[in-house]
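>>> here's my sequence, what's the structure:
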Amino acid sequence: MFAPTFSLEAGSRQSTASEPQKTKQTKPARRARGSLASVFACLLTLGMAVAGHAQNAVIDTSTVAVSEGSAGSSINIDFQVSLAGPATAQRTVYVSTVAGTATAGQDFEARSAVPVVFPIGTSGPITVSVPIVGDDIYEPNNGGLEQFSLVEVADDGNGNFLPVTNGARATATIRDDDPLPLLSISDPAPIVEGTGNVVNLNFTISATNASSAPISVTYTAAADPNAQFSAAPGVDFQNTTGTAVISPGATETTITVPIIGDTEDETTETFLVNLSNPVNADIAKGQGVGTITDNDGPSVRITDVTQPEGDDFVFQVTLSAPSPETIEINYTTAPNSAEAATDYVAQSGILVFPANSAQPQEITIATIDDNIDEPDEEIFLVNLSGASGGVTFADGQGRGVIQDNDDPPLLSFARAIVQNEGDTGTTTFVFTVNLTGASTRTITVDYDTTPGSPNPASVGSDYQRARGT
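Numbering: from 1, shown residues only. You can find the predicted model right below:
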């Protein structure tokens, strides 16, 4: 957009020089860094006062074009400002940038009232550099060409520097050098269908780089002709088509395909979302795959087993009904009151139910026989988890009850004790109690002293009574 024109004869000048004023940038600019990458020139010829008459300003009408470069690049357009003839006194001319189809701060860095000083006897040229703001944004408008100008300005007496009527002007063109964006659509993670309700599966459409103009592309959900089990439009997912739009400066957008829930036991199914008719982009990956996981599978149940120790425990796992797909279920043992490696052999694995079969599967767990008295019932567990195909658990935990087959140990005194009573004081008699076998339980027994036979000793005179546990 051009600033309003202030009428002032070309070649006139102010008696004092103003400091350069930056124009306000409406969008953050990426500043040029590093060494000068490219220099381009526009010749700007300015009139000067001669014997009280202003010479007409002359401007080179050739237009300079420069590629903008990537974000962070360092490219300048250098304007060469000169007078029509040598200055008879020091002369200061002011120049400013004026946006055209190029935007200050976004495509170039604005310059405002830049003083160009010509010492007496000189006519230039003097360089005024305008940095170009590089980016990675595809810019299709105006054929990828954007323009701005450097114009002669003068103070209107109120501190406002406005373009001089018929003043010198030179125009530069910035050429977009960013590639056409390429579009890809994602393959989202599988979604579990609802039960009579609708759930949404989101696909992401992404571009390799942003565009200054909206990117649009048509999308259509369809059956997957290459899938073993394809979802059906209108049955498993809603017929979905539309136009996806990626906003200027953005690189992705999301589209949604509603998934139709049901109560029918089905296999995992797939469908496609196809892209077509791109605008301001091309298509790199134009097909996304959606996967629907069924949640209407049969239920599974595992039995409990009670047997003597040393036997193999066989747990049966059954489905409530056959499934149209192969079902896999994880299992693993876990201790309860029984301990792994002492009472049973720990085990884990995967059960497989073939498609369309409800034949029970078996899990066999070995138990360990020993000669140790134990509680009558020691328990370990078999836990089911991670079932595929929407299978639910009617009973996902089997209990293995181990029955002890060892008799409780017998108690006995080691031997009879014969010992002299002594002449004075007391003498201690020690009796040893033995077990016929070990036990995992604590064993207690009460004891008490009584007179023996056939020659009974007397309590108090021959021995002191002792009793306890």
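
>>> so where's the chain shaky on pLDDT?
Low-confidence segments of the chain (pLDDT under 70): 1-64, 371-377, 404-410, 412-423, 425, 436-441, 452, 455, 457, 460-462.

>>> tell me what the residue nearest to Val235 when sequence neighbours are not counted is bridged to.
Closest residue in space to Val235, ignoring its immediate chain neighbours: Ile260 at 6.7 Å, by C-beta to C-beta, 6 or more residues apart in numbering. C-beta coordinates here come from the backbone N, C-alpha and C atoms, glycine included. Taking DSSP bridges as the rule, Ile260 bridges to Val198.

>>> contact partners for Ile260?
By C-beta atoms under 8 Å, 6 or more residues apart in numbering, the contact set of Ile260 is 193-194, 198, 234-238.

>>> ok, Thr208 next?
179, 181-182, 251, 284.

>>> now Ile368
Contact analysis of Ile368 by C-beta under 8 Å, 6+ apart lists 309-310, 341-345.

>>> at 7 Å instead, please
When contacts are counted by C-beta atoms under 7 Å, 6 or more residues apart in numbering, Ile368 touches 309, 342-344.

>>> and the contacts of Thr208, which are buried?
Among the contacts of Thr208, those classed as buried by 16 or more other C-beta atoms under 10 Å are 181, 251.

>>> from memory Val257 sits against Gly290, does it?
Yes. Counting by C-beta atoms under 7 Å, Gly290 is a contact partner of Val257 at 6.2 Å.

>>> between these two, which contacts overlap?
With C-beta under 7 Å, 6+ apart, Val257 and Gly290 have common neighbours 201, 273.

>>> all helices for this protein, in order.
Here the chain has no helices by DSSP state H.

>>> my read: Asn217 touches Leu183, true?
Quick fix: residue 217 is Val, not Asn. Yes. Val217 lies in contact with Leu183 (C-beta under 7 Å); the separation is 5.8 Å.

>>> quick check: neighbours shared by the two?
Applying C-beta under 7 Å, 6+ apart, one finds that Val217 and Leu183 are jointly contacted by 205, 275, 278, 281.

>>> ok, now which ones touch the third one?
By C-beta under 7 Å, 6+ apart, the residues touching Pro278 are 183, 217.

>>> repeat that for 8 Å
Going by C-beta under 8 Å, 6+ apart, Pro278 touches 183, 215-217.

>>> farthest-separated two in the contacts of Ile368?
Using C-beta to C-beta, those reach their maximum pairwise distance at Glu309 and Thr342, which is 10.6 Å.

>>> which one of the two has more residues nearby?
Glu309 (19 against 13; other C-beta atoms under 10 Å).

>>> wait, that one touches Asp343, no?
Yes. The criterion here is C-beta atoms under 8 Å, and Glu309 meets it with Asp343 at 7.1 Å.

>>> what do these two both touch?
Taking C-beta under 8 Å, 6+ apart as the contact rule, Glu309 and Asp343 both touch 367-368, 402.

>>> ok, Ile174 to Val133 distance?
Plainly put, Ile174 is 9 Å away from Val133 if you go by C-beta to C-beta, to the nearest Å.

>>> so for those two, which residues contact both of them?
Common contacts of Ile174 and Val133 (C-beta under 8 Å, 6+ apart): 68, 107-108.

>>> which one of those is nearest Pro119?
Using C-beta to C-beta, Phe108 is the member of those that lies nearest Pro119, at 28.9 Å.

>>> residues contacting the closest one?
By C-beta under 8 Å, 6+ apart, the contact list for Phe108 reads 77, 97, 102, 130-133, 148, 174.

>>> now, of the residues you listed, which are buried?
Buried members of the contacts of Phe108, counted by 16+ other C-beta under 10 Å: 77, 97, 102, 130-133, 148, 174.

>>> how about the nearest residue to Asp187, chain neighbours excluded?
Spatial nearest neighbour of Asp187, excluding adjacent residues (C-beta to C-beta, 6+ apart): Val289 at 4.6 Å.

>>> can you pull the contacts of the one you found?
187, 224, 270-272.

>>> what comes up buried for stretch 243-251?
Residues 244, 246, 251 are the ones in stretch 243-251 that count as buried (16+ other C-beta under 10 Å).

>>> circling back: using JSON lines, lay out the contacts of Phe108 together with distance to Gln90.
Converted to JSON lines, these look like this (distance: C-beta to C-beta, whole Å):
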{"residue": "Ile77", "distance to Gln90": "27"}
{"residue": "Thr97", "distance to Gln90": "24"}
{"residue": "Ala102", "distance to Gln90": "33"}
{"residue": "Val130", "distance to Gln90": "25"}
{"residue": "Pro131", "distance to Gln90": "28"}
{"residue": "Ile132", "distance to Gln90": "31"}
{"residue": "Val133", "distance to Gln90": "34"}
{"residue": "Phe148", "distance to Gln90": "29"}
{"residue": "Ile174", "distance to Gln90": "34"}
